[in-house]
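> take this sequence and fold it.
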Amino acid sequence: MVNEMRVLVVEDYPPLARSLVQGLRETRYAVDLATDGEEAIGLLEAATYDAVILDLMLPRLGGREVLERIRRAGNPTAVLVLTARDGLDDRVSVLDLGADDYLVKPFAFAELLARLRAVIRRRYQSTDSTIRVADLEIDTQGRVVRRGGTTIPLSAREYAVLEYLAVRQGQVVSRAEIWDHVYDFASEPSSNVVDVYIGYLRRKLENDRGNKLIHTRRGQGYVLGAEE
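Next up, the predicted model:
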C-alpha cells in the first residue's frame, strides 16, 4: 500500500473503524488502527504520525485521557477528535485539551478528509494547499505536480515521497523517516526502496528542467530545496 502521510485511527466501533481505514487507504494515506486507548498510546510511542483521528468513547483508556497524554508528552501530532456531542461546552473542552479540530458524528467522509488535510497543513505551518519550492508546485489537494508550469506525471509512490520531502523542505529527512511516513505497519520494509524512488523523482523533476531540487546529505538523508 502506497501512501502520502501516516495516520493513526483510534476507533472501537468495528464498522466505522473498517470504513475509516479503508477510505483513508484508498485516498493513499498510511493507516494504523487502534481499537482502545491503551493500544493507541503504544502505537504513538512506537511510530511517528502526521495525524491522529481520535474517538472519545474508548475502552480501557478514554479518548480525553489519550489526548491529554499526547500533549503532556510534548507530541505535536495533529489530533482530529470524533465526538457524538455537539454542545458548545463539549467542543470548547476538547479544544482546550489540545485537539486541533473536532468532527461531530455522523459526518461525511469528504468533510473528514478536508479537515484532516487542514490539520496536517497547520502542523507543518502551511495554510496553502499548494507547496512551492523554487519553480516546483505541489497541489496537495489535487495531487498535481508542476515544474515551470509543466505538469509532471508521478506514480503514487513517487508522489508520496515528494510530498513528504516538500512539507519538510529545507530539512534533512532520513531514509527511515521517509519510510515511516509513507508506509504503515502492514508494509514489508525494503532496504533500498526509498533510494529507488528518489532516483525516479530526480529523473522526472530535474532532467533538463533547471537546477537540482533534491540534494543528498551523505549518511543523513535527503533535502528538498532550491539550492544545495
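
> what average pLDDT does the helix or strand where residue 216 lies get?
Using DSSP states H and E, residue 216 sits within strand 214-217. The average pLDDT within strand 214-217 is 91.

> how many neighbours does residue 217 have?
When neighbours are counted by other Cβ atoms under 10 Å, residue 217 registers 12. C-beta coordinates here come from the backbone N, C-alpha and C atoms, glycine included.

> can you check residue 30 too?
So residue 30, with other Cβ under 10 Å, has 27 neighbours.

> quick one: low-confidence ranges for the protein?
For the chain, residues meeting the criterion pLDDT under 70 lie at 1-4, 125-128, 183-191, 208-210, 227-228.

> now with 50, please.
1-3 (pLDDT under 50).

> centre of the chain to stretch 114-124, how far?
In terms of Cα atoms, centre = their mean, to the nearest Å, the centre of stretch 114-124 is found 9 Å from the chain centre.

> and what of stretch 159-172?
On Cα atoms, centre = their mean, the centre of stretch 159-172 falls 11 Å from the chain's centre.

> how about the strand holding residue 216: buried residues?
Residues of strand 214-217 classed as buried by neighbour count (16 or more other Cβ atoms under 10 Å): residue 214.

> just checking: what are the partner strands of it?
Taking DSSP bridges as the criterion, strand 214-217 forms sheet pairs with strand 221-224 (antiparallel).

> how about the residue lying closest to residue 166 once chain neighbours are set aside, secondary structure?
In space, and not counting its chain neighbours, residue 166 is closest to residue 131: 4.5 Å by Cβ to Cβ, 6 or more residues apart in numbering. Using DSSP: H, G, I helix; E, B strand; the rest coil, the structure places residue 131 in strand.

> look up how far residue 80 lies from residue 131.
21 Å (Cβ to Cβ, to the nearest Å).

> contacting residues around the one helix or strand residue 41 maps to?
Applying DSSP H and E as the criterion places residue 41 in helix 37-46. Helix 37-46 is contacted from outside by 8, 10, 32, 34, 52, 54, 58-63, 65-66, 69-70, 75, 77, using Cβ atoms under 8 Å, 6 or more residues apart in numbering.

> likewise for stretch 194-214?
133-136, 145, 147-148, 150, 152-155, 157-158, 161-162, 165, 175, 178-179, 222-228.

> next: stretch 8-16.
Against stretch 8-16 from outside (Cβ under 8 Å, 6+ apart): 17, 20-21, 24, 31-37, 40, 43-44, 47, 49, 51-55, 57-59, 63, 66, 77, 82.

> for PyMOL, what selects the buried ones among these?
Of the contacts of stretch 8-16, the buried ones go into a single PyMOL selection, burial set by 16+ other Cβ under 10 Å:
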select buried, resi 17+20+21+24+31+32+33+34+35+36+37+40+43+44+49+51+52+53+54+55+58+63+66+77+82
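
> quick check: buried residues in stretch 139-155?
Across stretch 139-155, burial judged by 16+ other Cβ under 10 Å covers 140, 145, 147, 152, 154.

> can you show me the helices along the chain?
Along the chain, counting by DSSP state H, helices occupy 14-26, 37-46, 63-72, 88-97, 109-123, 156-167, 175-182, 193-206.
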